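# I need the structure of the sequence given here:
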Amino acid sequence: KECSQLTDAIYSGLDLSREIKAVQAQNLGDTVLLWDETGLAGFAICHCGAGSEAGSDVCYVKFGAVRPGIKAPEQFEQLLALCEAYGGAQKMLRLMAGVNTSHDAAYTKMVARRFRTEIIGVVMHKPNEPSYNRADVFVLDDWR
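This is a model prediction of the structure:
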């Protein structure tokens, strides 16, 4: 419920509940949660290893987001660190996460953490509106 409230604050109607439940039910990985004094500050849905979308030895962030606001840049860094720690605890050798370059601050933080471009994709919306692909949000997504 709190994950849905967080994503709804980013874009009305954005709800990852089905993806969170599917990862859990199919034992593909887990959802990493970032908490602060006010509640859920962020989350990331992670796939790990062979049999998942990640592939062997990879922790793949299918979707992640932090709550909008002044603390978002710092909390985004914390969420990335939690994903790295989760992947390491699962004995994964690589962390893979996608970010739309429209999320300029998020993209810049990932480059500073030595993430590198591996796949370039195109996002198309109908009608043509930015959805959650805006500079003011910190979202990781890779909807292959």
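
# Spell out, range by range, the helices that occur in the protein.
Here the chain has its helices, by DSSP state H, at 2-10, 17-25, 72-89, 104-112.

# Would you mind finding the most buried of the ones you listed?
helix 72-89 (a mean of 18; mean count of other CB atoms under 10 Å). C-beta coordinates here come from the backbone N, C-alpha and C atoms, glycine included.

# Can you pull out the residues in contact with it?
30, 32, 34, 36, 41-44, 46, 48, 58-59, 61, 64, 66-67, 94-95, 97, 105-106, 109-110, 113, 137-138 (CB atoms under 8 Å, 6 or more residues apart in numbering).

# circling back: of the helices of the chain, which approaches G121 most closely?
For the helices of the chain, proximity to G121 was assessed by CB to CB; helix 104-112 is nearest, at 13.5 Å.

# So what's the residue count around the residue lying closest to G64 once chain neighbours are set aside?
The shortest distance from G64 to any residue other than its chain neighbours is 3.3 Å, reached at A44 (CB to CB, 6 or more residues apart in numbering). For A44, the number of neighbouring residues by other CB atoms under 10 Å comes to 24.

# Buried subset of the contacts of helix 72-89, written for PyMOL?
Buried residues within those, by 16 or more other CB atoms under 10 Å, are selected in PyMOL with:
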select buried, resi 30+32+34+41+42+43+44+46+48+58+59+61+64+66+67+95+97+106+109+110+137+138
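
# Point out where the chain drops to low pLDDT.
144 (pLDDT under 70).

# Tell me how far the residue lying farthest from the centre of the chain lies from G121.
Largest separation from the mean C-alpha position in the chain: P127, at 24.1 Å (CA atoms, centre = their mean). The gap separating P127 from G121 is 20 Å, by CB to CB, to the nearest Å.

# Spatially central residue (nearest the centroid) of the protein, please.
For the chain, the residue nearest the mean C-alpha position is G64 (1.8 Å; CA atoms, centre = their mean).
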